[in-house]
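1. Sequence first, predicted model second:
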Amino acid sequence: MVDALVIIPTYNERDNIEKVVYQIFSLPRNFHVLVIDDNSPDGTAEKVRQMMKLFPEELHLETRKGKMGLGTAYIHGFKWALNKNYNYIFEMDADLSHNPKDLVALYNACAEDGYDVAIGSRYIDGVNVVNWPLGRVLMSYLASIYVRVVTGMPVRDTTAGFKCYRSEVLRTIDLDEIRFTGYAFQIEMKFAAWKLGYKIKEISIVFTDRTEGESKMSTGIFREAVWGVIKLKWKSLVNPAKYKKEPS
């Protein structure tokens, strides 16, 4: 039985989704894929349905009525995965900025090395980012420093969106209480896992900016991350019980 599911949210990713799915299914370790499409007008969901005829057991599709945010897409996917009893659940972008080959290293960190969360990190060995303008590299790198200073969280790439969770982590985090939708969502999930005492490992990756399609980055997403970090820290101080595990 395949115990690993890769969740890929999409919006107008028809040009990329076929490539990334085929690369995942060519890996030496078996992964299933769940695409969550927010009613892409470019026909992304239809492309996935065509591929499902070739991979009826491995490839799955959930569609939503419209753009509802990255965070809500992942929460939808997490609940779907937990209901299907996958043991290792991944976040991954559709635009090939995350190399599918790195899925194996993230899986091994959790399944073999005993970590609860594995993060594909751009900032373990310097700055491993390709095709980003210098301003965006600096913004991302300084944002991670800012998050570490405010929260105390010992993670170098705090906004990373390439991750593996053991299912226990997602069952323990109250997913209905995760409020942020953009980069702040990525920070909030890491912060919750860390505060709950789960073991986190960062794996060095090379992040390559998309070559097709359009970036979903916006000033609103960045603003949410800046203020969201302060809200996270404040809530953890006034309500520490939120991050206490129930006795097993």
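-> Yes, it's here.
2. Contacts only, for residue 199.
-> 114, 115, 116, 117 (Cβ atoms under 8 Å, 6 or more residues apart in numbering). Bear in mind the C-beta positions are built from the backbone N, C-alpha and C, glycine included.
3. before we move on, which element is the first one in?
-> In the assignment (DSSP states H and E), residue 114 maps to no helix and no strand.
4. Just the buried residues from the contacts of residue 199, in PyMOL please.
-> In PyMOL, the members of those classed as buried (16 or more other Cβ atoms under 10 Å) are selected with the following command:
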select buried, resi 115+116+117
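5. Closest to residue 18 out of the contacts of residue 199?
-> Nearest to residue 18 among the contacts of residue 199: residue 117, at 29.1 Å, using Cβ to Cβ.
6. And the pLDDT for the nearest residue to that closest one once chain neighbours are set aside?
-> Nearest non-adjacent residue to residue 117, counting by Cβ to Cβ, 6 or more residues apart in numbering: residue 200, 4.6 Å away. pLDDT for residue 200: 98.
7. Does residue 200 touch residue 193 like I think?
-> Yes. Counting by Cβ atoms under 8 Å, residue 200 touches residue 193, with 6.4 Å between them.
8. more neighbours, these two?
-> Neighbour tally, residue 200 and residue 193, criterion other Cβ atoms under 10 Å: the higher count belongs to residue 193, 25 against 18.
9. what about residue 95, distance to residue 126?
-> Distance, residue 95 to residue 126, using Cβ to Cβ, to the nearest Å: 23 Å.
10. Quick check on the two: which one has the bigger neighbour count.
-> Comparing residue 95 with residue 126 by neighbour count (other Cβ under 10 Å), the higher total belongs to residue 95, at 23 against 8.
11. Confirm that that one sits in a strand.
-> No. Using DSSP: H, G, I helix; E, B strand; the rest coil, the assignment for residue 95 is coil, not a strand.
12. So what does it have for phi and psi?
-> Dihedral angles of residue 95 (phi, psi; degrees, to the nearest 10) stand at phi -100, psi 10.
13. Average pLDDT for stretch 111-123, rounded please.
-> Stretch 111-123 carries an average pLDDT of 96.
14. And residue 138, which helix or strand is it part of?
-> helix 134-151.
15. joint contacts of residue 200 and residue 193?
-> Joint contacts of residue 200 and residue 193 (Cβ under 8 Å, 6+ apart) are 116, 117.
16. From the chain's centroid, how far away is the helix holding residue 138?
-> Taking Cα atoms, centre = their mean, to the nearest Å, one finds helix 134-151 lying 18 Å from the centre of the chain it belongs to.
17. Over to stretch 153-169?
-> Relative to its chain's centre, stretch 153-169 lies at 8 Å (Cα atoms, centre = their mean).
18. what's the answer for stretch 105-122, then?
-> Stretch 105-122 has its C-alpha centroid displaced from the chain centroid by 13 Å (Cα atoms, centre = their mean).
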